[in-house]
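# Next come a sequence and a model predicted from it.
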Amino acid sequence: MEIAPFAYLFPSARHFPFPPRNYVHWTQTPESHLYSADIPGVRKEEIKVEVEDSRYLIIRTEAVADRSFSRKFRLPERVDVEGISAEYVDGVLTVKVPRSYIRMGFFIDPPHTMDLTATAA
């Protein structure tokens, strides 16, 4: 395994002067999670942002021979999958995943009547 020169000085891609290929920057605000990627030279129609099984966010390019891009992320808990939006301006793709404050899950309905009998000692 080859280690890039000066990799020990820059422990993460955020600090490295040249981010790796297919790098997506993730930040969060109180309202949403933001994913941004530099994808210059790609037409808007060639970018696909998809949600798989309501758990994964997939960002990829289609029909681009010279520069392919594909990343898959597990979505954080409590997000509004229906409210996901994407914007592509000046070669930068920004995907906004809004937070949801509604807890998803299931509810067990208790029985309507309970007859309790106890014997006297």
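Thanks, I have it.
# What ranges does the chain have for its strands?
25-28, 32-38, 47-52, 56-61, 70-74, 85-89, 92-98 (DSSP state E).
# Low-confidence bits of the chain, can you list those?
1-21, 63-66, 102-121 (pLDDT under 70).
# One more pass at 50, please.
For the chain, the stretches with pLDDT under 50 are 1-10, 13.
# follow-up on the earlier one: now mean neighbour count too, for the strands of the chain, in a markdown table please.
For the C-beta atoms, the positions are set from N, CA and C on the backbone; glycine is no exception. As requested, these are exported to a markdown table (neighbours: other C-beta atoms under 10 Å):
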| stretch | mean neighbour count |
| --- | --- |
| strand 25-28 | 12 |
| strand 32-38 | 17 |
| strand 47-52 | 14 |
| strand 56-61 | 17 |
| strand 70-74 | 12 |
| strand 85-89 | 13 |
| strand 92-98 | 18 |
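# For stretch 69-76, output the C-alpha coordinates as CSV.
Extracted in CSV, the C-alpha atoms of stretch 69-76 (Å, rounded to 0.1, in the frame of the first residue of the first chain):
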residue,chain,number,x,y,z
PHE,A,69,-18.6,10.0,-10.1
SER,A,70,-20.4,7.7,-7.7
ARG,A,71,-20.8,7.9,-3.9
LYS,A,72,-23.3,6.2,-1.5
PHE,A,73,-24.0,7.4,2.0
ARG,A,74,-26.2,6.0,4.8
LEU,A,75,-28.7,8.7,5.7
PRO,A,76,-28.7,9.8,9.3
